[in-house]
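> Predicted model, plus sequence, below.
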Amino acid sequence: MKVFTQSVNFSADKELIKFVEKKVGTLVKFHDKIVDAEVFLKVQNTSDKENKITEMKINIPGSELIVKRETKSFEEGVNLAVDNLKRQLKRFKEKQRDSSIS
């Protein structure tokens, strides 16, 4: 699976990009037909502590799953988004199984 990481309003260091790719790579366990993943890391210019936006889009045949999280750190945002996508992928597979049975 290819992981495309884009940073907006800042330049992400190699460690952060490696972290994102490793975390997103774990999603393959939950769905074997993931085409690719797009990750957008954005910094908002606000005084809020939670100014880091992590947006993930997973492309699977016939659908795409999108998650957006605002957090204090990108690592926290990536973890929350990946956890949410795991649940979405499980639900998606169950729906596919249910529709193929009936």
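Now that the structure is in, tell me what you want to look at.
> what's near enough to touch the residue nearest in space to the middle of the chain?
Centre of the chain computed as the mean C-alpha position; nearest residue by C-alpha atoms, centre = their mean is M56, 3.4 Å away. Counting by C-beta atoms under 8 Å, 6 or more residues apart in numbering, M56 touches 24, 37-40, 66-68, 78, 81-82, 85. From N, CA and C alone the C-beta is placed, and that goes for glycine too.
> In which helix or strand does it reside?
strand 52-60 (DSSP states H and E).
> and what of V39?
strand 36-43.
> buried sites along that strand?
Neighbour-count burial for strand 36-43, with 16 or more other C-beta atoms under 10 Å as criterion, is recorded at 37-39, 41-42.
> what are the ranges of the helices in the chain?
14-25, 74-101 (DSSP state H).
> right, and those - which one's nearest Q6?
Proximity of these to Q6 was assessed by C-beta to C-beta; the nearest stretch is helix 14-25, lying at 10.1 Å.
> buried stuff in the closest one?
Going by neighbour count (16+ other C-beta under 10 Å), the buried part of helix 14-25 is 16, 19-21, 23-24.
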